[in-house]
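>>> kindly generate the corresponding structure for this input.
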Amino acid sequence: MAKVNSRQTLIDYCLRQLGQPLIKINVAQEQIDDCVDDAIQKFQEYNGEATIRTYLKHAITATDQANGYIPVPESMIMVNKVLPFSSASKGDMFSDDWELQNNAISKLRFATGGGGLTSYEIAMNHLEMIDMMFSTATPSKFNRYQGRLYLDINWATETSVGDMIVFEGSMVIDPEQTPLIYNDIMLKQFTVQLIKRQWGSNLKKYDGVIMPGGITLDGQKIYDEANEELKELAETMRDLYEEPVDFLVG
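Numbers count the residues shown, from 1 in each chain. Below you'll find the model as predicted:
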């Protein structure tokens, strides 16, 4: 199997698959770069391994308070929750949230006893329920195309300049930082077919032209073949990477 570990080696691999250097691939470098970018975007949309769960922190500024949101890196595609930064999270032992959670956990100790792994499992389930019931996670709204994390709070009274906000979400992995992504078999095949389709699109303008040696150009055929391959690859990627729908049974 050909080893691909960079953007350029991916391009070289794809051109070899299409026949270069024996065949001249009539695609401009700019068009090839567009095909690679489109293939990576498709890969990131379908493959869960192209993203990573992460935590980011941000120090609130006066600009954030005026805007009512904080900027989020372009690579962040989802924000699951914003960790609390209220008095409870700052260690205020007299807050209502702290008292509720501490009381619930104290009762839990008596309820579970010392029954080994069984009691531990019961305790963990109770703690998860407590977290759901008494969580003080900050309500928020996020859209990846805006690049803004809106917090449903009173910025003037609930935040101060310099306060740290931590939020959990999913971020796409940069192939330049993780070059093994370039060697993914589906990414390579998808890139090959995108370049092939662009090649066919370029040649369609010269369909019927007889080249030296009696060869007749047929860009439409190349274009159609690539389109069919891309449809099959898209279906394969959906089958491989998309999670099945969960059904609730009551």
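>>> Tyr55 - how many residues pack around it?
9 (other C-beta atoms under 10 Å). For every residue, glycine as well, the C-beta is placed using N, CA and C.
>>> and it, that's in a helix?
No: with DSSP: H, G, I helix; E, B strand; the rest coil as the criterion, Tyr55 is assigned strand and is not in a helix.
>>> so the closest residue to it other than its chain neighbours is in which element?
In space, and not counting its chain neighbours, Tyr55 is closest to Glu168: 5.4 Å by C-beta to C-beta, 6 or more residues apart in numbering. For Glu168, the element it lies in under DSSP states H and E is strand 164-172.
>>> and Lys231, by the same measure?
Applying DSSP H and E, one finds Lys231 within helix 219-241.
>>> cool, Glu176 as well?
Under the criterion DSSP H and E, no helix or strand holds Glu176.
>>> the closest residue to it other than its chain neighbours: neighbour count?
Of all residues not flanking Glu176 in the chain, Arg7 sits nearest, at 7.4 Å (C-beta to C-beta, 6+ apart). Neighbour count for Arg7, taken as other C-beta under 10 Å: 16.
>>> again with Asp239
Using other C-beta under 10 Å, Asp239 has 8 other residues around it.
>>> pLDDT at the residue nearest to Glu176, what is it?
Note on Arg7: pLDDT of 95.
>>> same question for Cys14.
pLDDT recorded at Cys14 is 96.
>>> what of Cys35?
For Cys35, pLDDT reads 97.
>>> host element of it?
Here Cys35 is assigned to helix 29-46, by DSSP H and E.
>>> now that helix and helix 219-241, what's the angle there?
Going by axes from the mean of the first three to the mean of the last three C-alpha atoms, to 10 degrees, helix 29-46 is angled at 30 degrees with respect to helix 219-241.
>>> where does this protein have low pLDDT?
Per-residue confidence for the chain (pLDDT under 70) gives these ranges: 1-2, 84-120, 123-124, 126-137, 207-216, 241-250.
>>> elements contacting the strand holding Glu168?
When contacts are defined as 3 or more C-beta pairs under 8 Å, 6 or more residues apart in numbering; DSSP states H and E, strand 164-172 packs onto strand 51-59, strand 76-82.
>>> which residues are contacting it?
With C-beta atoms under 8 Å, 6 or more residues apart in numbering as the test, strand 164-172 has contacts from 44, 50-60, 70, 73, 75-83, 85, 138, 140, 142, 149, 151.
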